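Chemist: Need a 3D model of the following:
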Amino acid sequence: MRRRDREVTDHQAIEAFLRREQILRVAFYDQGDIYIVPVNYGFTCDGGGFTFYFHGAQAGRKYALSRECPTVGFEIDGGYRPVAGNTACEFTAQFQSVIGTGVLRLLSDRQEKIAGLNAVMRQISGKDGWDYPDAMVDSTAVYCLQAKALSCKAKQ
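Modeler: Numbering: from 1, shown residues only. Presented below is the predicted three-dimensional model:
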């Protein structure tokens with residue numbers, strides 16, 4: 001990170017930021033192209049590492065790329081607020097962001113899929129203990145993104 005003065009290293013501060021946000025952007029490499037898709041997410045934090053979960057259809061570009069090239073980049077940002085200046089060069093903004101890389105895997109075990117879906121629902125609703133129809137769990141792709149590298153930056 002070029003601007004070390006903006007680096008956030010406090011694990012609790014990073015986790016608090018991740019809990020406030022709703023959209024994770026996943027970047028796939030697709031034979032010379034980059035494909036970026038925004039998804040709702042949930043996450044867990046075990047032993048200092050972050051694992052993100054999201055879901056989708058068991059078909060389509062995201063699904064195919066997750067199987068073909070599971071190493072991905074990701075980004076979450078929030079808290080954006082412009083700060084006016086007297087000249088164009090004095091304008092700035094407050095923000096916070098997390099970027100990283102990781103490896104995706106599609107969950108196949110029913111209990112793992114439900115745990116991933118619960119992480120997403122906890123992020124969206126703040127509630128636990130959801131029930132999922134068997135047919136929905138069976139037909140939904142649940143993705144697990146294990147972060148290999150992650151950095152957080154903020155300008156307040």
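Chemist: Distance of Asp134 relative to Asp109?
Modeler: 14 Å (CB to CB, to the nearest Å). To be clear about C-beta, it is placed using only N, CA and C from the backbone, and glycine gets the same treatment.
Chemist: oh, I was asking about Ala57
Modeler: Ala57 sits 19 Å away from Asp109 when distances are taken as CB to CB.
Chemist: model confidence over stretch 129-143, on average?
Modeler: Averaged across stretch 129-143, the pLDDT comes to 95.
Chemist: Would you mind measuring the gap between the ends of that stretch?
Modeler: End-to-end distance for stretch 129-143: 20 Å, by CA to CA, to the nearest Å.
Chemist: ok, and for it, which residues are buried?
Modeler: 140-143 (16 or more other CB atoms under 10 Å).
Chemist: ditto for stretch 140-155
Modeler: For stretch 140-155, by 16+ other CB under 10 Å, it's 140-145, 147, 150, 152-155.
Chemist: After the longest helix anywhere in the chain, which helix or strand is next? Please name it.
Modeler: Assignment by DSSP state H gives helix 110-125 as the longest helix of the chain. Downstream of helix 110-125, the next assigned helix or strand under DSSP states H and E is helix 134-139.
Chemist: now the helix or strand just after that next one and helix 110-125, what's the angle there?
Modeler: Next helix or strand after helix 134-139 toward the C-terminus (DSSP H and E): strand 140-155. Computed with axes from the mean of the first three to the mean of the last three CA atoms, to 10 degrees, the direction of strand 140-155 lies at 40 degrees from that of helix 110-125.
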